[in-house]
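K.L.:
What follows is a predicted structure for the sequence shown.
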Amino acid sequence: MTVSVLSPTAKLLRQLVRIPSVNPHGQPGVSVSETGERACAEAVGQFLRRAGAAVALQEVLPGRPNVIGVFKPRGKVTRRLLLAPHTDTVSVSGMTIQPFAATVSGGKLYGRGASDTKGPLAAMLRALREFTVSAAFRRGGLEITFAGLMGEEAGNHGARAWARQGPRYDLAIIGEPTEWRVVHAHKGCAWLTFTVSGRAAHAATPAAGVNAITAATPLLLWLEQIMAPRLAKFTHPSLGPTTLAITTISGGTKDNIIPDRCEIHADLRYTPPLTANRAARLIRAGLRQRGLRATVSVNSDNRPLHTPADNALVRAILPHTRGLTTAPWFCDAALFGARGIPAVALGPGSIRQAHTAAEFIRLADLERGKDGYLEILAALV
């Protein structure tokens with residue numbers, strides 16, 4: 001496919017990818033002007049206004065708003081639907097393509113966010129624009145809220161804010177690249193910090209200090225070789241085992257100073273009946289048994305998603321998808337599920353492309369996603 005024959009959905013996606021909206025949490029490779037969701041939220045808001053929605057920007061963090069657009073039917077509201085992709089992306093560090101060029105080649109559109117999750121975002125917007133001018137929407141009782149949520153890639157602040165303040169929905173469809181399968185369950189996600197303390201000294205006299213980095217070495221080995229397999233015994237029939245992965249290590253202040261502090265960060269993906277707090281208690285008990293000195297804190301905890309597969313509205317949308325599935329990753333759907341709102345993740349594109357060095361989405365998949373959302377809207381009206 002060449003640029004000259006791009007569909008309206010692909011043109012919208014190209015516009016969105018060209019607007020940097022990198023999550024400020026861990027932003028190597030971009031300037032300060034390329035972080036934050038405001039510019040993307042404003043562009044989405046303009047699209048929603050032109051499509052006839054009542055639009056508002058909800059400032060969640062300074063300069064980082066959710067964008068909310070509500071489409072109301074003419075008659076009495078009998079059902080409320082939420083469509084909610086996120087507007088932020090991960091860092092562009094290590095990418096092998098121009099991250100914001102939105103290059104089209106070989107039937108694919110390349111760029112940061114093309115798959116995760118500006119592809120689903122563009123498909124949802126175009127489906128809404130087509131559907132809300134239809135007689136079926138005007139005559140029906142379906143109220144549709146589009147929420148472009150900030151902060152999904154770190155902290156889920158946008159989803160937390162809208163789940164607290166928004167109305168009760170009969171169904172929430174979270175835009176994620178799921179290969180057009182309905183993700184109705186996924187693991188919980190918690191971030192843990194292990195802090196090892198030492199004593200600073202001049203590096204010329206290392207015996208006068210206690211090296212926190214060296215002291216952290218047995219902790220690293222224990223976490224990987226002992227604790228991670230122990231937690232993996234908490235498993236789920238469809239979600240699989242709990243996983244613990246060490247993700248970052250930081251320590252020391254200068255080349256000639258013995259470090260007095262070392263922090264280890266880990267990602268915990270847990271399955272019921274395990275909780276993040278229970279996992280932390282098990283880890284602390286294991287540390288005491290081994291005589292390893294470290295403090296353990298839970299920095300972020302997001303509960304698992306489990307929307308029953310037999311939910312009436314989930315069943316209603318299934319014929320227009322590639323079926324039900326579960327996922328090992330976490331997304332905003334769980335925040336709405338925790339409030340008692342039936343929530344699923346669904347979108348075109350593949351999670352295998354998310355966060356990659358040459359992220360792309362196939363344009364054929366993008367169009368099928370737009371058409372699929374249209375079918376779902378018609379089924380729910």
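P.N.:
Structure's in. What do you need? Keep in mind the model is a prediction, meaning the values are calculated, not measured.
K.L.:
How about T295, nearest residue that isn't a chain neighbour?
P.N.:
Nearest residue to T295, sequence neighbours excluded (C-beta to C-beta, 6 or more residues apart in numbering): T195, at 4.7 Å. All C-beta spots, glycine's among them, are computed from the backbone N, C-alpha and C.
K.L.:
which other helices and strands contact the helix or strand containing that neighbour?
P.N.:
Per DSSP states H and E: T195 is located in strand 188-197. In terms of contacts (3 or more C-beta pairs under 8 Å, 6 or more residues apart in numbering; DSSP states H and E), strand 188-197 is packed against helix 212-222, strand 261-270, helix 276-290, strand 295-302.
K.L.:
Make a markdown table out of those and add mean neighbour count, distance to A154 and mean pLDDT.
P.N.:
Converted to a markdown table, the helices and strands packed on strand 188-197 look like this (neighbours: other C-beta atoms under 10 Å; distance: least, C-beta to C-beta, whole Å; pLDDT from 0 to 100):
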| stretch | mean neighbour count | distance to A154 | mean pLDDT |
| --- | --- | --- | --- |
| helix 212-222 | 17 | 23 | 97 |
| strand 261-270 | 20 | 12 | 97 |
| helix 276-290 | 15 | 16 | 96 |
| strand 295-302 | 15 | 8 | 92 |
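K.L.:
Minimum distance to A123: which of the ones you listed has it?
P.N.:
strand 295-302 (25.0 Å; C-beta to C-beta).
K.L.:
per the record, what domains does the protein have?
P.N.:
For the chain, automatic domain parsing gives the domain ranges 3-186+304-380, 188-301.
K.L.:
which residues touch the residue nearest to T295?
P.N.:
Residues counted as contacts of T195 (C-beta atoms under 8 Å, 6 or more residues apart in numbering) are 261-264, 294-295, 297.
K.L.:
go with 7 Å
P.N.:
Contacts for T195 were tallied using C-beta atoms under 7 Å, 6 or more residues apart in numbering; they are 261, 263, 294-295.
K.L.:
cool, and L287?
P.N.:
Counted by C-beta under 7 Å, 6+ apart, L287 has contacts A294.
K.L.:
what about it, distance to A280?
P.N.:
Going from L287 to A280 by C-beta to C-beta, to the nearest Å gives 10 Å.
K.L.:
and if you look at R339?
P.N.:
24 Å.
K.L.:
Equivalent analysis for Q15, please.
P.N.:
For Q15, the distance to A280 (C-beta to C-beta) stands at 44 Å.
K.L.:
Check M227 too.
P.N.:
11 Å.
K.L.:
now R64
P.N.:
29 Å.
K.L.:
repeat for P241
P.N.:
Applying C-beta to C-beta to P241 and A280 gives a distance of 18 Å.
K.L.:
just the strands in the stretch 51-200 of the chain please.
P.N.:
Per DSSP state E, counting those that start in this stretch, the stretch 51-200 of the chain carries strands over the ranges 54-61, 64-71, 79-85, 104-105, 108-110, 142-148, 171-175, 182-186, 188-197.
K.L.:
Most tightly packed of these?
P.N.:
The highest average neighbour count among the strands of the stretch 51-200 of the chain, using mean count of other C-beta atoms under 10 Å, belongs to strand 171-175 at a mean of 29.
K.L.:
picking up where we left off before, out of the contacts of T195, which comes closest to Y110?
P.N.:
Distance to Y110 across the contacts of T195 (C-beta to C-beta) is lowest for E263, with 35.4 Å.
K.L.:
how about low-confidence regions in this structure?
P.N.:
Scanning the chain for pLDDT under 70 picks out 1-4, 26-29.
K.L.:
Output the contacting helices and strands for the longest helix along it.
P.N.:
For the chain, the helix reaching the highest residue count under DSSP state H is reported as helix 363-380. Judged by 3 or more C-beta pairs under 7 Å, 6 or more residues apart in numbering; DSSP states H and E, the packing partners of helix 363-380 are helix 8-17, helix 118-131, helix 312-317.
K.L.:
burial of K72, as a residue count?
P.N.:
Residue neighbour count, defined by other C-beta atoms under 10 Å, stands at 15 for K72.
K.L.:
Roughly how far does the residue lying closest to N311 once chain neighbours are set aside sit from C331?
P.N.:
Nearest residue to N311 in three dimensions, chain neighbours excluded: P342, at 5.0 Å (C-beta to C-beta, 6+ apart). Separation of P342 from C331 (C-beta to C-beta): 15 Å.
K.L.:
swap in T242?
P.N.:
Distance, T242 to C331, using C-beta to C-beta: 18 Å.
K.L.:
show me the contacts for T193.
P.N.:
263, 265, 297, 299.
K.L.:
winner for burial among the helices and strands packed on helix 363-380?
P.N.:
helix 118-131 (a mean of 27).
K.L.:
now for that one, which elements pack on it?
P.N.:
helix 8-17, strand 79-85, strand 142-148, strand 171-175, helix 363-380.
K.L.:
still on that earlier bit, could you dump the helices and strands packed on helix 363-380 to JSON lines with distance to W191?
P.N.:
Formatted as JSON lines, the helices and strands packed on helix 363-380 follow (distance: least, C-beta to C-beta, whole Å):
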{"stretch": "helix 8-17", "distance to W191": "28"}
{"stretch": "helix 118-131", "distance to W191": "25"}
{"stretch": "helix 312-317", "distance to W191": "30"}
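K.L.:
What's opposite the nearest residue to L121 once chain neighbours are set aside in the beta bridge?
P.N.:
Spatial nearest neighbour of L121, excluding adjacent residues (C-beta to C-beta, 6+ apart): P85 at 4.0 Å. P85 has these beta-bridge partners by DSSP bridges: G175.
K.L.:
And P85, how far from A53?
P.N.:
On the measure of C-beta to C-beta, P85 and A53 end up 15 Å apart.
K.L.:
Equivalent analysis for T235, please.
P.N.:
As for T235, its distance to A53 is 43 Å (criterion: C-beta to C-beta).
K.L.:
coming back round to it: could you point out which of the helices and strands packed on helix 118-131 sits nearest A161?
P.N.:
Proximity to A161 (C-beta to C-beta) singles out strand 142-148 among the helices and strands packed on helix 118-131, at 9.8 Å.
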